[in-house]
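In: one predicted model, sequence on top.
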Amino acid sequence: MATLELSGIKKSFGAVEVIHGLDLQVKDGELIVFVGPSGCGKSTMLRMIAGLEKVTEGVISIGGKRVDHLPPALRGIAMVFQSYALYPHKNVRGNLGFALKHAGVPQSEIDERVNTAAEILELAPLMDRKPRELSGGQRQRVAIGRAIVREPDVFLFDEPLSNLDAALRVHMRVEILKLHQRLGSTMVYVTHDQVEAMTLADRIVVFRDGQVEQVGTPLELYRNPVNTFVAGFIGSPAMNFLRADTDGNSVRIGGAHLCELNSSAGELQLGIRPEHLTLNEDGALKGVVSVFEHLGGESFVHVELPDKQTLVAKLDGELSFAPGEQCTLAIKPSQCHVFDMQGRKIVPNTHAMV
Amino acid sequence: MATLELSGIKKSFGAVEVIHGLDLQVKDGELIVFVGPSGCGKSTMLRMIAGLEKVTEGVISIGGKRVDHLPPALRGIAMVFQSYALYPHKNVRGNLGFALKHAGVPQSEIDERVNTAAEILELAPLMDRKPRELSGGQRQRVAIGRAIVREPDVFLFDEPLSNLDAALRVHMRVEILKLHQRLGSTMVYVTHDQVEAMTLADRIVVFRDGQVEQVGTPLELYRNPVNTFVAGFIGSPAMNFLRADTDGNSVRIGGAHLCELNSSAGELQLGIRPEHLTLNEDGALKGVVSVFEHLGGESFVHVELPDKQTLVAKLDGELSFAPGEQCTLAIKPSQCHVFDMQGRKIVPNTHAMV
Amino acid sequence: MLVRERITSTGIHAVLIAYSLLALFPLALIVINSLKSKKAIFRDPVGLPVGEAFSWKGYASVLTNSDFPLYFGNSLIVTCVSLFLILLFGAMASHALSEYRFPGDTFLGLYLILGIMVPIRLGTVALLQLVVDLNLANTLTALILVYTAQGLPIAIFIFTEFLKSVSREIKDSARIDGLSEYRIFFEVVVPLVRPVIATVAVFSMIPIWNDLWFPLILSPGEETRTVTLGVQQFIGQYTVNWGAVLASLSVAILPVLIMYVIFSKQLIRGITSGAVKG
Amino acid sequence: MLVRERITSTGIHAVLIAYSLLALFPLALIVINSLKSKKAIFRDPVGLPVGEAFSWKGYASVLTNSDFPLYFGNSLIVTCVSLFLILLFGAMASHALSEYRFPGDTFLGLYLILGIMVPIRLGTVALLQLVVDLNLANTLTALILVYTAQGLPIAIFIFTEFLKSVSREIKDSARIDGLSEYRIFFEVVVPLVRPVIATVAVFSMIPIWNDLWFPLILSPGEETRTVTLGVQQFIGQYTVNWGAVLASLSVAILPVLIMYVIFSKQLIRGITSGAVKG
């Protein structure tokens, strides 16, 4: 239970800088998720917090104490790895107690802490098994238990659910959320999966190419993405981006008036979430269905507009379209996101219905 | 372009039978998806169709001609692999033309067919590159192109999108769907991802432990799953299963009357899809929120009922719940799925609103 | 799967016994002939040492007329110490190469392995000079140093290949648990690659035990002779004491068999995990 | 990353040159001394062959007084043919073991590799008998067969380890393209493991080229002597023609250098991919 502060963190491998100056305050008890595509630096940042990579420049503090010069064991952190990283020749009890035994904690206290963790994670029946006798989900629970017994100030999770299958991933995601509710610890969680980020995070940090693109609560990122990268990364199916132009008043797509906007004239990009599009005969977006995907409870309609741009709409699962059919979609102007051609958000002054 | 018939297929590895007698007719031009958890035998079945595994018992026919004794090259099939399986020391053109060159097709025809495939898949600018110089999506397009040039009767896909990242997976899924619309070929597609299955398939074959659980269109499986396995596998988030009991007339959960059903009295399982639950003060399902997950456009509420059973409801993204809050949910009886304790579907005679 | 495992295990033992019989036939021939008189050896090389053919003379001349126990001890010391050093330095160097990044790691890795290509015997003249300069001529130390240098490149080559497959995360996890780098190596990495260590041990041992060249050149003295060199004394210019040669060969086979027993379990695990699909 | 690659490449060449100088020093010593008179060799072993120290006598005696070219040819034939057979059979056997399932595949894999543990020299007596029975005594064929048998186990061990890493799907893909199993091996698998083949080639070659034991026992005849055996004739019981010994050693180093040039590119690729993190 402690705050975590990163200030001016830079990291280079040889001549290549992979983190370009990162500042972040994590509050006590907060669950922060680092999210981004692979190679964006999120795992490197986590490994620097853990002390597994050296910081090239900048300061890391945990609970107000500077730690970036300390070895991992003295930083008050515990880490859960993607591949579980259990010691294969030790049983579950041995795995759980290993760090404490090594730190010289008395046996009675080790037993107590191990048993508490085992109870929280329902590991009691597995205590004498070796890791190879456990399923993937059980192994990950042991890995989390190993972090819990250390009673760390900060929990670090490095894509802990990536090796699990879809159903188990959903289940363990809820388990981690419950664990956070129960322990109230500060946690940093790295993932490339925006669904995990949205559901787990108190705040999300979106990484791209070693840079932080945006920090905010899941709903802030969903409702007010600062650029097209964040807008496209958060939400599923991904946001549609349409080339549009404006004369300073009216935003037009392929010549059709869509909404009003007070800005300088020119080209811009319009971001529309698939779930905000509705079927409406009077809508401004008329086109031809190119692909229709049915998921049972919902369906995705891919519509090709007259100017060859395509967009995806998320509609009711009861509908059905054949490729080639006509389709007219409407969008509330308040739900349009307007970006300039460099992808930065433009905050429109006024909105008006079509 | 041909039909594919499997009759009485069995497969054993040593003493272990992994496919227990499988019958299936694939119509000309149909896109069939084999879906199931890992180890269910779906990939083994595909490899038997390709001729990469011997059939222990049964008959495989393509276009009315028995092929199970033929080597892979003579079966009129082409296969796209998960790891792309491109020849690393040949460039894209060499990879595309290799099978034809080996089969002794004249060079002019090879060039024509390679160029056609390259045009369909927009590979023309990449023709002189080696596979290691291509991105994952480009490699998979080359792998698909290599299948197209062979002009097979049946296309086989073995989890072709598993190695791609989430965004690219969605994109390539649509590409494959368009390719099927364009070529109209018979295709067999193996995946463990129910979203791919739902969106791509004309018909889905659900495998479990070497047995076919159900065959049908995506909507048939979604609306009328024959057992809890299929019901739980198709749809996301997964269907809720609640223990209930009936006196022959009224179905009750934890004592509360939910709907009416004419059957013998006893215990049963009630399947409720998260997207069919609605917030309703008068609903029959009263409980306490244990976890609330926000995804932006929608949200998942985990509700714990008084008898400790939990269920998940998929609700509007505008809502917000705190853990511990009261929550009352309603369900239309017509959207309840009733299963016996062995997981088999019971078709109720009458329904009545709560 | 349990049934299959039991079948495999039985099968492995069956093949091991069959193989042992086959592989041990020449050894048996040596042992049998070592118990025969010289005449009997040449009259009927595959005959059993019974009746008048039987003779202890070979063993008698080995154990009494010569310093055989001394030679045997020398061989044992040289082989065990060299092997220990090869395994220790080889595994640690490979661990360092696969685990740490430092300036010149690529070059160092290349440098350590390139020795495979250049046989150390080509440097004999320079080595002899060096050994003499260091006052190590006619010592076992000289042999141990040379054999360690000779065995290291291929040991490092094979260790590096396998250590790459040890999960990086498990080492990081140990680091977070507060283990020192040495304890990570000995307590986490070594237990994971034990079969590989056994494999490297066995095939590093044989050339050392059997070598004739370096004992002849670096330590031919009476006190430091190894078994293989010692046996030579029974091979005269014109007459060969075959009984004694075969008797000493019989005794010299012992450590190979002991090593076999010690390492066989690990070795089989290593070989099957290498040769057979998981 | 391109910059890093260039740095690595330059660095590798730098280290190779440095290493070569170091490794070649003893060789250079041999070559230098081979050009000196016997007196000069012992008076000043590291001196250059200038002035009165210079002498062609060693080479003269090697090239004229002896059948050196014959011996050299014999060594070359034995080494090349054995190497070819080891690589061909080793790679094919490993491919079969890693690719096909058949009854007894585990046992066969074990059987083929277990030879690492039992030195073939222990079977010398039985081998000699076999060779005589087959009328192969004093032929190069006997040597080739023995060396092939000696080199196969470790070749198979290493090949199997690497062939496991060849994607199964690429072989299946070739099968669907209609390639025969042999063409799959030669056209798909072999190009993928070329660096491994080079590595195995280099470290299988050295012990064959340098072996003294089997040429002495199986084919000591004048016509079938190898270089290493041939050199022995200059080492008399009481006097050694050092100039000739060193001259023949100099010539004998040649093929090692040639192999080095042929395989170095592949070998370095193999070693770096093994020793250095991707």
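Out: Perfect, I can see it now.
In: what residue in the stretch 1-150 of chain A comes nearest to chain C?
Out: A:Ala73 (3.0 Å; Cβ to the nearest Cβ). No exception for glycine: its C-beta is placed from N, CA and C like everyone else's.
In: tally of neighbours for that residue?
Out: Burial measure for A:Ala73: 19 neighbouring residues, criterion other Cβ atoms under 10 Å in any protein chain shown.
In: for it, give me the pLDDT.
Out: At A:Ala73, the model reports a pLDDT of 91.
In: same thing with the one 5 residues further on?
Out: With respect to pLDDT, A:Ala78 has a value of 94.
In: and it, that's in a strand?
Out: Yes: counting by DSSP: H, G, I helix; E, B strand; the rest coil, A:Ala78 is found in a strand.
In: could you check how far the residue of chain A at minimum distance from chain D is from chain B?
Out: Here the residue of chain A nearest chain D is A:Gly14; by Cβ to the nearest Cβ that distance is 6.5 Å. From A:Gly14 across to chain B, the span is 22 Å (Cβ to the nearest Cβ, to the nearest Å).
In: what does that residue show for phi and psi?
Out: Here is the backbone geometry of A:Gly14 (degrees, to the nearest 10): phi 60, psi -130.
In: then A:Ile234?
Out: phi -90, psi 130.
In: tell me the contacts of it?
Out: Going by Cβ atoms under 8 Å, 6 or more residues apart in numbering or on different chains, A:Ile234 touches A:Gln194, A:Ala197, A:Met198, A:Ile204, A:Val206, A:Pro218, A:Leu221, A:Tyr222, A:Pro225, B:Gly296.
In: for the stretch 101-250 of chain C, which residues are neighbours of chain A?
Out: Within the stretch 101-250 of chain C, the residues that sit near chain A (Cβ under 8 Å from any Cβ of the partner chain) are C:167, C:169-170, C:172-179, C:188, C:191-192.
In: could you dump those to CSV with pLDDT and secondary structure?
Out: Output for those, formatted as CSV (pLDDT from 0 to 100; DSSP: H, G, I helix; E, B strand; the rest coil):
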residue, pLDDT, secondary structure
C:Ser167, 83, coil
C:Glu169, 90, helix
C:Ile170, 91, helix
C:Asp172, 92, helix
C:Ser173, 92, helix
C:Ala174, 92, helix
C:Arg175, 92, helix
C:Ile176, 92, helix
C:Asp177, 90, coil
C:Gly178, 89, coil
C:Leu179, 90, coil
C:Val188, 88, helix
C:Pro191, 86, helix
C:Leu192, 84, helix
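In: out of the residues you listed, who's nearest chain D?
Out: Nearest member of these to chain D, counting by Cβ to the nearest Cβ, is C:Ser167, at 13.5 Å.
In: for the closest one, what are its contacts?
Out: A:Ser83, A:Ala85.
In: not counting residues beside it along the chain, what's closest to the residue of the stretch 1-150 of chain A closest to chain C?
Out: C:Gly178 (3.0 Å; Cβ to Cβ, 6 or more residues apart in numbering or on different chains).
In: give me the neighbour count for that neighbour.
Out: 18.
In: now do A:Arg132
Out: 9.
In: just A:Val16 next, same as before
Out: 11.
In: same deal with A:Glu293?
Out: 23.
In: shouldn't it be within a helix?
Out: No: looking at A:Glu293 with three-state DSSP, it is strand, so not inside a helix.
In: surely it touches A:Ser299?
Out: Yes: at 6.3 Å, A:Glu293 counts as touching A:Ser299 under the criterion of Cβ atoms under 8 Å.
In: how about the helices in the stretch 201-350 of chain A?
Out: Under the criterion DSSP state H, counting those that start in this stretch, helices of the stretch 201-350 of chain A are mapped to A:218-223, A:228-233.
In: looking at the ones you listed, which is closest to chain C?
Out: Ranking these by proximity to chain C (Cβ to the nearest Cβ) places helix A:228-233 first, at 25.8 Å.
In: how far does the closest one sit from its chain's centre?
Out: 12 Å (Cα atoms, centre = their mean, to the nearest Å).
In: for that helix, what does the pLDDT average out to?
Out: So the average pLDDT for helix A:228-233 ends up being 93.
In: A:Glu17 falls within a strand, correct?
Out: Yes: under three-state DSSP, A:Glu17 falls within a strand.
In: quick check, it in contact with A:Lys10.
Out: Yes: taking Cβ under 8 Å as the definition, A:Glu17 is a contact partner of A:Lys10 at 6.5 Å.
In: okay, and the common contacts of those two?
Out: Residues within reach of A:Glu17 and of A:Lys10 at once, by Cβ under 8 Å, 6+ apart, are A:Thr56.
In: so what's A:Asp165 up against?
Out: A:Gly136, B:Pro37, B:Ser38, B:His192.
In: so which bits of chain A are right by chain D?
Out: Near chain D, when you scan chain A using Cβ under 8 Å from any Cβ, you find A:Gly14, A:Ala15, A:Val16.
In: how about 7 Å then?
Out: A:Gly14, A:Ala15 (Cβ under 7 Å from any Cβ of the partner chain).
In: report the buried residues of the strand or helix carrying C:Ala201.
Out: Using DSSP states H and E, C:Ala201 sits within helix C:194-210. Within helix C:194-210, the residues that count as buried by 16 or more other Cβ atoms under 10 Å in any protein chain shown are C:195-210.
In: burial check on the residue of chain A closest to chain D, number of neighbours?
Out: 10.
In: per-residue pLDDT of it, please?
Out: pLDDT at A:Gly14 comes out at 80.
In: and the helices in the stretch 101-250 of chain C, which stretches?
Out: Counting by DSSP H, counting those that start in this stretch, the helices of the stretch 101-250 of chain C are C:105-114, C:124-133, C:140-163, C:168-176, C:181-183, C:190-192, C:194-210, C:213-218, C:227-232, C:242-275.
In: put together CSV for the contacts of A:Ile234, with pLDDT on each row.
Out: Formatted as CSV, these follow (pLDDT from 0 to 100):
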residue, pLDDT
A:Gln194, 91
A:Ala197, 94
A:Met198, 93
A:Ile204, 96
A:Val206, 96
A:Pro218, 93
A:Leu221, 93
A:Tyr222, 93
A:Pro225, 94
B:Gly296, 85
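In: dump these to CSV, plus neighbour count and distance to chain C.
Out: Shown next, in CSV, are these (neighbours: other Cβ atoms under 10 Å in any protein chain shown; distance: Cβ to the nearest Cβ, whole Å):
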residue, neighbour count, distance to chain C
A:Gln194, 26, 24
A:Ala197, 25, 21
A:Met198, 25, 26
A:Ile204, 29, 24
A:Val206, 26, 25
A:Pro218, 22, 28
A:Leu221, 28, 29
A:Tyr222, 23, 32
A:Pro225, 25, 33
B:Gly296, 19, 32
